[in-house]
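A.B. asks: coordinates only, sequence not included:
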């Protein structure tokens with residue numbers, strides 16, 4: 001019987017993220033309006049006016065794209081001991097972040113902000129930014145080397161992970 005679980009986690013925006021998003025949108029709108037006004041002032045030169053209109057359109061589109069692309073979700077897929085984590089941007093674009101085998105974990109548990117990290121460690125955050133939900137998984141990855149993934153599995157995902165944990169980690173985790 002296959003063990004399968006899937007979970008979608010929306011990244012919660014911090015106040016800093018919201019400020020950046022709003023700033024990008026406001027600056028984009030202001031630059032677009034300035035370029036449109038410049039285009040109308042340059043009507044005596046067709047080429048300059050068209051250049052300003054083109055730059056205004058590019059600026060507006062860029063601001064809109066940056067605003068939309070800041071909406072991030074993570075999808076966790078657990079299949080028979082393997083976890084695949086994908087990043088979904090603006091509900092349109094999917095990027096594969098990382099895949100790993102639960103049996104290969106060297107450590108697993110609740111994540112806390114002040115955890116030690118070695119200099120050669122790659123840390124992958126795929127979390128909703130709510131600390132009480134966060135867990136970490138450490139393992140040796142073929143591409144990234146010593147790796148820590150910080151993610152937010154729900155109860156169903158945790159139950160499946162526990163089944164495939166190495167025995168020494170399972171004993172520590174169940175304490």
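C.D. replies: Noted; the coordinates are in hand. Quantities reported herein were computed from a predicted structural model and do not represent experimental measurements.
A.B. asks: Just read off the phi/psi values of the most far-flung residue of the chain relative to its centre.
C.D. replies: Taking Cα atoms, centre = their mean, the residue of the chain most remote from its mean C-alpha position is residue 44, at 47.6 Å. The phi/psi pair for residue 44 (degrees, to the nearest 10) reads phi -70, psi -30.
A.B. asks: Tell me where this structure has helices.
C.D. replies: 15-41, 46-68, 155-164, 167-173 (DSSP state H).
A.B. asks: what residues does the lowest-mean-pLDDT helix or strand in the chain touch?
C.D. replies: Ranked by mean pLDDT, DSSP states H and E, the weakest helix or strand in the chain is helix 167-173, scoring a mean of 80. Helix 167-173 is touched from outside by 105, 106, 107, 108, 109, 162, 165, with contacts defined as Cβ atoms under 8 Å, 6 or more residues apart in numbering. For every residue, glycine as well, the C-beta is placed using N, CA and C.
A.B. asks: Which pair of those spans the longest distance?
C.D. replies: In the contacts of helix 167-173, two members sit farther apart than any others by Cβ to Cβ. They are 106 and 162, at 16.2 Å.
A.B. asks: Verify the stated contact: residue 145 with residue 120.
C.D. replies: Yes - at 6.1 Å, residue 145 counts as touching residue 120 under the criterion of Cβ atoms under 8 Å.
A.B. asks: More neighbours: which of those two?
C.D. replies: Shown here are residue 145 and residue 120; by other Cβ atoms under 10 Å, residue 145 has more neighbours (11 against 8).
A.B. asks: The more buried one bridge partners, please.
C.D. replies: residue 141 (DSSP bridges).
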